[in-house]
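Q: can you look at this prediction? I've put the sequence above it.
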There are 2 protein chains.
Amino acid sequence: MSQGSINSDLAKERQKATFNVENLSVLLHGGPAKLKRKRYIENLVCEDLFYRQLKPWSYCSIEEQYENALIKHIHAKKQIEKHGIKDRNDLMTYRVSAFPHEADPIGINTSMFIPALEQQGTEEQKANWLPLAHQETIIGTYAQTEIGHGTFLRGLETTATYDPKTKEFVLNTPSLSATKFWPAGLGKTANHCVVVAQLYTQGKCHGIHIFMLQLRSLEDHSLLPGIETGVIGNKFGFGTNDNGYLKLNSVRIPRDNMLMRYSKVLEDGTYIRPENPKVTYGVMVLVRSFIVRNAAVFLAEACTIAIRYSAVRRQSELTPGGIEPQILDYQTQQYRLLPLLSTAYAFHFASTNMTETYERISQQIEGGRLDQLPQLHALAAGLKAFTTYASSAGIEICRICCGGHGYSHASGLPKIYVCAVPGCTYEGENTVMMLQVARYLMKCYRDKQQGRSLPGFVSYIGESMEKKSFMGADVSFTCLIKAYKHRAARLIEEAAKQMQSCIQAGSPAHVAWNKSSVQLFLAANAHCHLFCVENFIDSIRDCKVDSNTLKVLNEVCQLYGVHGIIENLGEFMQDNFLTGQHVDYLQKKMLTLFELMRPNAVALVDAFDFPDHKLESCLGRYDGQVYQALYDYAKMAPMNQTEVHSTYYKHLRPLMSGNSKL
Amino acid sequence: MSQGSINSDLAKERQKATFNVENLSVLLHGGPAKLKRKRYIENLVCEDLFYRQLKPWSYCSIEEQYENALIKHIHAKKQIEKHGIKDRNDLMTYRVSAFPHEADPIGINTSMFIPALEQQGTEEQKANWLPLAHQETIIGTYAQTEIGHGTFLRGLETTATYDPKTKEFVLNTPSLSATKFWPAGLGKTANHCVVVAQLYTQGKCHGIHIFMLQLRSLEDHSLLPGIETGVIGNKFGFGTNDNGYLKLNSVRIPRDNMLMRYSKVLEDGTYIRPENPKVTYGVMVLVRSFIVRNAAVFLAEACTIAIRYSAVRRQSELTPGGIEPQILDYQTQQYRLLPLLSTAYAFHFASTNMTETYERISQQIEGGRLDQLPQLHALAAGLKAFTTYASSAGIEICRICCGGHGYSHASGLPKIYVCAVPGCTYEGENTVMMLQVARYLMKCYRDKQQGRSLPGFVSYIGESMEKKSFMGADVSFTCLIKAYKHRAARLIEEAAKQMQSCIQAGSPAHVAWNKSSVQLFLAANAHCHLFCVENFIDSIRDCKVDSNTLKVLNEVCQLYGVHGIIENLGEFMQDNFLTGQHVDYLQKKMLTLFELMRPNAVALVDAFDFPDHKLESCLGRYDGQVYQALYDYAKMAPMNQTEVHSTYYKHLRPLMSGNSKL
Ligand SMILES: Cc1cc2nc3c(=O)[nH]c(=O)nc-3n(C[C@H](O)[C@H](O)[C@H](O)COP(=O)(O)OP(=O)(O)OC[C@H]3O[C@@H](n4cnc5c(N)ncnc54)[C@H](O)[C@@H]3O)c2cc1C
Ligand SMILES: Cc1cc2nc3c(=O)[nH]c(=O)nc-3n(C[C@H](O)[C@H](O)[C@H](O)COP(=O)(O)OP(=O)(O)OC[C@H]3O[C@@H](n4cnc5c(N)ncnc54)[C@H](O)[C@@H]3O)c2cc1C
């Protein structure tokens, strides 16, 4: 297709932006050096003919998707070596660039198998297995979830029974529901896994522990005795990954295969309990912080596609008989897309904050200080749930905003969606996560009531506050934060009171908890929302960027705050904190912000700096040549390689002549 | 797998229901005879070995999906003939049963091509083409949308220029964006289409008209000269359908190929305009009423799957150390699923009403009375948008409520979603539809202000109403209806006033319209919501069913009304119509309704009476044997047919040994 020429509507959008896109990109990516490095690495992938010549993923069968992912993994590994890429961020940049919205079937070896070994293994175990895992002779996965249990780890049924006679553990899948199910790469790829199982020794169950298990021969990849695995079958997305199942029938592993850094089973079968089990929380927090980052990125990508397309697409009439407007000029289109754009920015800053907080607190933990862990844990769980849910729902809105073409894989949006949405489920199901946050908030509330002071961000809980908002037509940041604080504090208090009143009415605590869990959920949600708003405001207050850019960021931030209230109005109005007059201000403000942001919409998505090959979207291309790209995409379809499809001879011709033998 | 045994939790659920499921099924399906007939026909499909032996759709490549759909079409045709199925409802039942959540590539021949001919063709044209189309020698499609235009029909670019010398039309695709794009079956299946094109004759454009065009030879299916078609490439769903593109290069068709029942072009090129173009609105309304029905069914199916599974799935703890509860016992799970269940019921009754209204008004139209057409048109457009959006979003919530397994195709939910969600886009993009409703409402508002009376359901607009709700703790139906009326009326008035104030501030009408369109959208949405609530209440008020069933239906209906307010609280509180005290009543009521509905939840989905083969869901099975079904589904995966996958030899082995040649 004709390269180089930029669609004139997009070109105009870029001209009329009121700020310097590069400055904003630099800010978002953590400085000029990091941005440069990111581009350098993305460019390695983009210019690598190897990736370009692969069949487009949407035309691949599941087996081809899987095979291509393996091939890509191997190629990527060599390139990473060749270019000496070592920094963790750089590696991530390379991988997401080479695997856009795809799950590398060997990825879990690095992301979960090796970390589990590093954290739970003894020095000897690490020395044994880590080198082989790093060079990918051992390809491992993390086998935790079973058909019958995902959320409730204590309910896992797989057993590891110590046999002191042979000094082995005997692993078993005692029932159908105990079948391991879902672990990434387990079906056909992995030859090892760490398996989570109930430890039995000396006739007693000691709860779940982690064991190293070889699944397949390193000679010929055949399954070892007593082991049955396979893929779990096709899924909504994740076609590149052979998520698998595993059944164990009296599989014996040496005693040394239990990861024994913390708990131990001695030769005679004596169980030694761990000293401080909390230290393992760190990984969970880290993984959740990645998920938050992904949620921010996925939504930003979807906004990039939908907003660029909305600047190129012209449809219907605004002025009678006039030329068709860019659909981005419809107020309803702005209403659906611009708040999502502001959300993508909010999540970006939330994710940055979370990563920094994680690093800060991790150091404290290393130094033995665990007091901030609950706060960090609640933040990670809450933001994980809050951002994945909003991001997934938002991606679908972006897709629908692209009209019919959004439904084609050519748009790139379905792939982003099916890659994003399981983030609501894995690594802590979202509702369960929110209820964990609520548990923490209830504890904070009780602490405050008992006169204890609360740490940093939760200190607003239980404080006495203004009963009415002083918000004016300008809708200041101060008034926004106060409103979100008020709402969260009120909902937390209400949830606590509701629990209290259930208990007073005779319910046991756990029943009261369940009977209040809708309120608890809403309270936790409001708390996370407050975090995102307040953090956005704080982040741009402190940021070093030119005044034009700052002005635009302020608008984006204000829209995030204003729109969030409008979407959840009842929660702000229920106790008359906000009144009809305030709502009027907020609605007017929102429409004004749409007008202010409209000219900068394309520039604001450009600033995310996604290369075309990562978006994989005919609609979201930087050059805006969307129709040519859609047509080219169609032409590539395997079914278009013949004029008359084979089914004509087999089925249509007999049907047409009334002679079908079927 | 072990057939016949019902999961004991499900069995208990069914025992404890407080009403007779069969009675409710009879009511939902329009009487015992219709229910019996429905089951008879579904059973024909269920017991037909032909369907059972086809490879499960989720394991098929796109080409296999397409081929299987053709095979099924041919088989279904024969069976329909054999069993003498003729009634339109019966045919629909057979087809959706044989093609669950799939788009038959020849379906559009019956659903749009033939109806277009019937309505727009002259008697001679009908005599020519209809018999061939019915016997499927001619396989037609409806080619309207272009790459560049879907919503805005007047913008279509394809041209049909009359050449009086040869008495032919010359069809052309004058630009890339004029390429027809999306029509069902156009890629590889159809040999004819009706094509929508701008008619030019005697040097003048007369707007869009419909032309019969042969695409492929009836001898060998090769493309006729000047015609280029192909599939548009893979999509989110609709894999069974070869949605296609079409480019025309000076294709000549006889003058007789213009469908000339209304407009005509004479031999010399004189254009005769139609008498009453409005009559064609009928089809649009009919098609939209089908979409509403589908939206209701899809959501009901998703609720069936998620609620049955939530009764079988046990996870986590409610009582410390107690047995794991059914997840349906978690209040948060009820909060997400039960309102959706009530929505599925509300949409069922909305769809029934719409079909009846359509039939009533159609007869009036046949009799020449067109005065009710605008009302019907607005109802169809509004309900189409309102129900498809809520249904699609609801299906995803149901899916996420199934945890990890919801993400597998084994759950059946992804297929339902990708089949349902394009309903938001085709046959009138939802936002555009809502704005059409708003246009009608604005007209009503003006009429009322000018002292004219309004027809039936819109008569509340502009009426003077109570300023505050009298709602008590019981939350009566009367108070619910008043609340929804008040909200809709207020939003309509606000939108009208906002337009007015824009105009007074100097905006031309069309600018004022766009500047008010968020308000207009919200007003139309509130109007549709009111319809669904009021219609639900009216429908069960009049219905003939035993008192136990009626009691349960009343609860479902009340939940629909109560939850809808809670979700949109701000719109009810903004002018203090509802106050904090009311909100308190509503929230308490909602929780009480959850407790009342909980024991009937499974029975309420059973009453929809979906056979297992239509749900295609391991999680939603009537017998609740979900884990066995998930395991069986996994075993069937093509990748599980060998223990060691071929990629091991090609890629993994070299990788593991560090010898990859890639
Ligand atoms: C794409 C994908 C990849 C995955 N990869 C892996 C992997 O590599 N390794 C691995 O081990 N696993 C993996 N999993 C599994 C995943 O970790 C689990 O699905 C996840 O933990 C959710 O658990 P569940 O499926 O048991 O959901 P459930 O807990 O069964 O959730 C079902 C419903 O019950 C509700 N619920 C459950 N408990 C409570 C409670 N206490 N209170 C209120 N409500 C509750 C939930 O809110 C939800 O609505 C993967 C899953 C997916 C989808
Ligand atoms: C699965 C599927 C099957 C299809 N089958 C067929 C078929 O068989 N035959 C056929 O001819 N077509 C078919 N189509 C095409 C379909 O009819 C169009 O996609 C649909 O009409 C929407 O039009 P569009 O794509 O131009 O959306 P657009 O109009 O481009 O919509 C994009 C955005 O612009 C906004 N917008 C547009 N106009 C306005 C306005 N006036 N005011 C405010 N906002 C506006 C919309 O709200 C939307 O957010 C199919 C599409 C799909 C997805």
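A: That came through fine. Ligands and ions are numbered 1, 2, ... in the order given.

Q: use CA for all of it now, contacts and neighbours both
A: Noted.

Q: ok, A:R293 to A:F531 distance?
A: Using CA to CA, to the nearest Å, A:R293 is found at 15 Å from A:F531.

Q: and for A:F181?
A: From A:F181 to A:F531 the distance is 35 Å (CA to CA).

Q: which one of the two is surrounded by more residues?
A: Using other CA atoms under 10 Å in any protein chain shown as the criterion, A:F181 and A:F531 rank with A:F181 on top: 31 against 22.

Q: beta-bridge partners for that one, please?
A: Per DSSP bridges, the residues bridged to A:F181 are A:Y245.

Q: tell me the pLDDT of it.
A: If you check A:F181, the pLDDT there is 98.

Q: got any ranges where the stretch 151-300 of chain A has weak pLDDT?
A: Along the stretch 151-300 of chain A, the parts satisfying pLDDT under 70 run over A:276-281.

Q: quick one: the strands in it?
A: Ranges of strands within the stretch 151-300 of chain A are A:159-163, A:168-172, A:180-181, A:192-201, A:204-214, A:227-231, A:244-248, A:251-254, A:264-265, A:271-272, based on DSSP state E, counting those that start in this stretch.

Q: each with direction, which strands does the fourth one pair with?
A: When pairing is defined by DSSP bridges, strand A:192-201 lines up against strand A:140-143 (parallel), strand A:159-163 (parallel), strand A:204-214 (antiparallel).

Q: and the average pLDDT for the first one is what?
A: The predicted model assigns strand A:140-143 a mean pLDDT of 98.

Q: isn't A:F577 up against A:K467?
A: Yes. The pair A:F577 and A:K467 qualifies as a contact (CA atoms under 8 Å) at a distance of 5.8 Å.

Q: these two: which has the busier surroundings?
A: A:F577 (17 against 11).

Q: show me the one of the strands paired with strand A:192-201 that comes nearest B:L266.
A: Shortest distance between B:L266 and these, using CA to CA, is found for strand A:140-143: 73.9 Å.

Q: does any part of the biggest helix by length in chain A sit near chain B?
A: Ranked by number of residues, the top helix in chain A under DSSP state H is helix A:331-366. Yes. Helix A:331-366 comes into contact with chain B (CA under 8 Å from any CA of the partner chain), by way of A:331-332, A:335.

Q: ok, then the element right after that helix?
A: helix A:373-400 (DSSP states H and E).

Q: how about that following helix and chain B, touching?
A: Yes. For helix A:373-400, a contact with chain B is found by CA under 8 Å from any CA, at A:I400.

Q: contacts only, for the residue of the stretch 251-400 of chain A found nearest ligand 1.
A: Closest residue of the stretch 251-400 of chain A to ligand 1, CA to the nearest ligand atom: A:A385 (11.1 Å). Contact analysis of A:A385 by CA atoms under 8 Å, 6 or more residues apart in numbering or on different chains lists A:424, A:429-431, A:433-434.

Q: can you give me the helices in the stretch 451-600 of chain A?
A: A:477-504, A:509-515, A:517-542, A:547-567, A:569-573, A:580-597 (DSSP state H, counting those that start in this stretch).

Q: what's the most buried one of the ones you listed?
A: Among the helices of the stretch 451-600 of chain A, ranked by average contacts under mean count of other CA atoms under 10 Å in any protein chain shown, first place goes to helix A:569-573 (a mean of 24).

Q: gap between A:I62 and A:E301?
A: From A:I62 to A:E301 the distance is 24 Å (CA to CA).

Q: what does the stretch 401-550 of chain A have sitting close to ligand 2?
A: Proximity of the stretch 401-550 of chain A to ligand 2 (CA under 6 Å from any ligand atom) is limited to residues A:401-405, A:407.

Q: closest to A:L224 among those?
A: A:Y407 (44.2 Å).

Q: OK, contacts around that closest one?
A: A:Y407 touches A:399-400, A:413-414, B:235-236, B:422, counting by CA under 8 Å, 6+ apart.

Q: just curious, which of those residues is nearest to B:S391?
A: Using CA to CA, those come closest to B:S391 at B:P422, 11.3 Å.

Q: how about the nearest residue to the closest one, chain neighbours excluded?
A: Nearest non-adjacent residue to B:P422, counting by CA to CA, 6 or more residues apart in numbering or on different chains: A:Y407, 7.1 Å away.

Q: same question, A:L24
A: Per CA to CA, 6+ apart, closest to A:L24 is A:A607, 5.9 Å.

Q: the one you found: how many residues sit nearby?
A: If you count neighbours by other CA under 10 Å, A:A607 ends up with 19.

Q: I figured it was touching A:E22, is that so?
A: Yes. Between A:A607 and A:E22 there is a contact at 6.7 Å, judged by CA under 8 Å.

Q: how long is stretch A:16-25 end to end?
A: Length of stretch A:16-25, first residue to last, CA to CA: 17 Å.

Q: need the residues that contact that stretch.
A: By CA under 8 Å, 6+ apart, stretch A:16-25 touches A:35, A:545-546, A:548-549, A:552, A:599-600, A:603-604, A:606-609.

Q: okay, buried residues for stretch A:213-230 please.
A: Neighbour-count burial for stretch A:213-230 flags A:213-216, A:218, A:221, A:223, A:227-230 (criterion: 16 or more other CA atoms under 10 Å in any protein chain shown).

Q: quick one: which of those is nearest chain B?
A: Closest approach to chain B among these (CA to the nearest CA): A:G230, at 5.6 Å.

Q: OK, now which residue of the stretch 351-500 of chain A is nearest to ligand 1?
A: Taking CA to the nearest ligand atom, the stretch 351-500 of chain A has A:Y426 as its residue nearest ligand 1, at 4.1 Å.

Q: and the residue nearest to A:L24, what is it in contact with?
A: A:21-22, A:24-25, A:28.

Q: re earlier: quick one: the residues of helix A:331-366 next to chain B as a markdown table, columns for neighbour count, distance to B:N353 and pLDDT too.
A: Listed next are the residues of helix A:331-366 next to chain B as a markdown table, based on neighbours: other CA atoms under 10 Å in any protein chain shown; distance: CA to CA, whole Å; pLDDT from 0 to 100:
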| residue | neighbour count | distance to B:N353 | pLDDT |
| --- | --- | --- | --- |
| A:Q331 | 21 | 32 | 98 |
| A:T332 | 22 | 29 | 98 |
| A:Y335 | 17 | 32 | 98 |
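
Q: let me have the residues you listed in TSV, extended by distance to ligand 1.
A: Output for these, formatted as TSV (distance: CA to the nearest ligand atom, whole Å):
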residue	distance to ligand 1
A:Q331	35
A:T332	32
A:Y335	30
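
Q: so which of these comes closest to B:A116?
A: Closest approach between these and B:A116, by CA to CA: A:T332, at 32.3 Å.

Q: B:V518 is in contact with the closest one, correct?
A: Yes. Using CA under 8 Å, A:T332 is in contact with B:V518, at 5.4 Å.

Q: ok, A:L338 - contacts?
A: Contacts of A:L338 by CA under 8 Å, 6+ apart are A:594, A:597, A:601.

Q: repeat for A:N514
A: A:N514 neighbours (CA under 8 Å, 6+ apart): B:318, B:330-331.

Q: please redo it, this time with the cut-off set to 10 Å
A: Residues near A:N514 by CA atoms under 10 Å, 6 or more residues apart in numbering or on different chains: A:435, A:499, A:520, B:318-319, B:329-332.

Q: could you do A:H409 as well?
A: A:57-59, A:415-416, A:616-618, A:630, A:633, B:232-237.

Q: returning to that earlier point: reformat the contacts of A:Y407 as JSON lines; add neighbour count.
A: Output for those, formatted as JSON lines (neighbours: other CA atoms under 10 Å in any protein chain shown):
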{"residue": "A:R399", "neighbour count": "24"}
{"residue": "A:I400", "neighbour count": "23"}
{"residue": "A:L413", "neighbour count": "32"}
{"residue": "A:P414", "neighbour count": "23"}
{"residue": "B:K235", "neighbour count": "23"}
{"residue": "B:F236", "neighbour count": "24"}
{"residue": "B:P422", "neighbour count": "22"}
